[in-house]
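[1] requesting a structural model of the entry that follows:
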Amino acid sequence: MKGQLSLRGVTRSQTVVGQVTIGPYNLRSTGSFEIRHSDFGIPIVNVAGGVLTLRNELKCAFFLVAVSEEQKERPDSAASLLNFVG
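    The predicted structure is shown next:
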């Protein structure tokens, strides 16, 4: 999937590799993408006077779950244990 990612006032085109699974009461999505600090003007951190320097690349991963209203309202479901806002 391609889209726009904005960080620190800089917007860049970003590709995200992922997978979506649709169940009877939920939708799950997992994926990952990489960015470079320098592409977004984020300074690279040096520790201990430069002895340790973080890499320019940052790997990001995610796991998202969306639960249907019907499943949220079932008292026997795991979803009922979560605190939903909305």
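[2] middle-most residue in the chain, spatially?
    By C-alpha atoms, centre = their mean, the chain has its centre lying nearest to Phe62, at 4.0 Å.
[3] immediately after the helix or strand harbouring Gly18, which helix or strand?
    Assigned by DSSP states H and E, Gly18 belongs to strand 17-22. Scanning forward in sequence from strand 17-22 by DSSP H and E, the next helix or strand is strand 26-36.
[4] partners of that next one in the sheet?
    Sheet pairing for strand 26-36, assigned by DSSP bridges, gives strand 17-22 (antiparallel), strand 57-67 (antiparallel).
[5] for it, which positions count as buried?
    Neighbour counts over strand 26-36 (16 or more other C-beta atoms under 10 Å) mark 26, 29, 33, 35 as buried. From N, CA and C alone the C-beta is placed, and that goes for glycine too.
[6] what's in contact with that strand?
    With contact meaning C-beta atoms under 8 Å, 6 or more residues apart in numbering, strand 26-36 is reached by 5, 7, 12, 14-21, 56-68, 71, 79.
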